[in-house]
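Engineer: Here is my input, please return the structure:
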Amino acid sequence: MNITEILNNRYSVKEFDATKKISDSDFEQVKALLRLSPSSVNLQPWHFLIADTQEGKKRIAKGTEGAFHFNTPKVLDASHVIVIAARTNADEAYMKSILEQEDKDGRFAAQEFKDQMHGGRMLFADIHKYDLKDLPHWMEKQVYLNMGSLLLGVAALGIDAVPMEGVDVKALDEEFGLRKKGYTALAVVSLGYRKDTDFNAKLPKSRFPEETIITKL
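Structural biologist: As a prediction, this is how the structure comes out:
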């Protein structure tokens, strides 16, 4: 695997080939990317709504009506579409659910290690809740780590993608009842395969040179 080649080949798709579908085996790996992403103190403050049918994609496309109509084809023509949502709160019950899953997965050799993990996680959560007062923003940052991992991972699988913040997140929250479930939509990522007529695939990639963004100490 050559990461540089993969990075140069990936781009934000403007036109998907509606006739091409991601295989079930490849999409199992996509789901692994979502589930195994890193997050601060293993917070995992995310939820994903995935559509691979026209009915499901039409529901997600409601978030592109009006001002974001230019993104509608990117939803309807894609193979799979993911609504990426973040938790709106990290209460004691949620923190304990993480801890119990870690215990079930065998991460603690003794009760003292479990207690230490819980104490450390609550320390960071309290810092963001009470001192920095940015708990929702902190959780959103963890979800964006997940989205970055997703984009690189699918590119390595030869799957094209486009992340879209150009969606009506309130409309998506209402369509899927996300806020009642303790979540709010952040973005949509469409996955599939580029169309031959996609102009963006033919444009050179543009990034600042290494010497501009990297300082070697």
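Engineer: what sits against R121?
Structural biologist: Going by CB atoms under 8 Å, 6 or more residues apart in numbering, R121 touches 41-43, 95, 98-99. From N, CA and C alone the C-beta is placed, and that goes for glycine too.
Engineer: Now do the SS call for K20.
Structural biologist: K20 carries the three-state label coil when classified by DSSP: H, G, I helix; E, B strand; the rest coil.
Engineer: So for it, what's the pLDDT?
Structural biologist: With respect to pLDDT, K20 scores 98.
Engineer: residue boundaries of the strands in the protein?
Structural biologist: Ranges of strands in the chain, per DSSP state E, are 46-51, 80-87, 160-164, 183-192.
Engineer: In contact with D26, which residues?
Structural biologist: By CB under 8 Å, 6+ apart, the residues touching D26 are 157, 159.
Engineer: Contacts only, for the residue most central in space within the chain.
Structural biologist: The centroid of the chain falls nearest to M147 when counting by CA atoms, centre = their mean (3.2 Å). Counting by CB under 8 Å, 6+ apart, M147 touches 84, 163, 187, 189.
Engineer: Need the pLDDT of M1.
Structural biologist: Reported pLDDT for M1: 82.
Engineer: is the closest residue to A78 other than its chain neighbours in a bridge, and if so with what?
Structural biologist: Among residues not flanking A78 along the chain, S190 sits closest, at 3.7 Å (CB to CB, 6 or more residues apart in numbering). Assessed by DSSP bridges, S190 has beta-bridge partners V81, V162.
Engineer: Any figure for the gap between S190 and V75?
Structural biologist: 6 Å (CB to CB, to the nearest Å).
Engineer: H118 now?
Structural biologist: Taken as CB to CB, the span from H118 to V75 is 40 Å.
Engineer: neighbour count winner among these two?
Structural biologist: Counted by other CB atoms under 10 Å, H118 and V75 do not tie: V75 has more neighbours, with 26 against 17.
Engineer: For the residue lying closest to that one once chain neighbours are set aside, give me the pLDDT.
Structural biologist: Distances taken as CB to CB, 6+ apart put A61 closest to V75, at 4.5 Å, once the chain neighbours are dropped. As predicted, A61 sits at a pLDDT of 98.
Engineer: My read is that E175 contacts T64, right?
Structural biologist: No: the criterion here is CB atoms under 8 Å, and E175 misses it with T64 at 11.5 Å.
Engineer: how about the residue nearest to A78, what does it touch?
Structural biologist: Taking CB under 8 Å, 6+ apart as the test, what S190 contacts is 13, 16, 74-75, 78, 80-82, 161-162, 164.
Engineer: so can I have TSV of these showing pLDDT and distance to D105?
Structural biologist: Output for those, formatted as TSV (pLDDT from 0 to 100; distance: CB to CB, whole Å):
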residue	pLDDT	distance to D105
V13	98	36
F16	98	37
K74	98	37
V75	98	35
A78	98	33
H80	98	27
V81	99	30
I82	99	25
A161	98	29
V162	98	34
M164	98	33
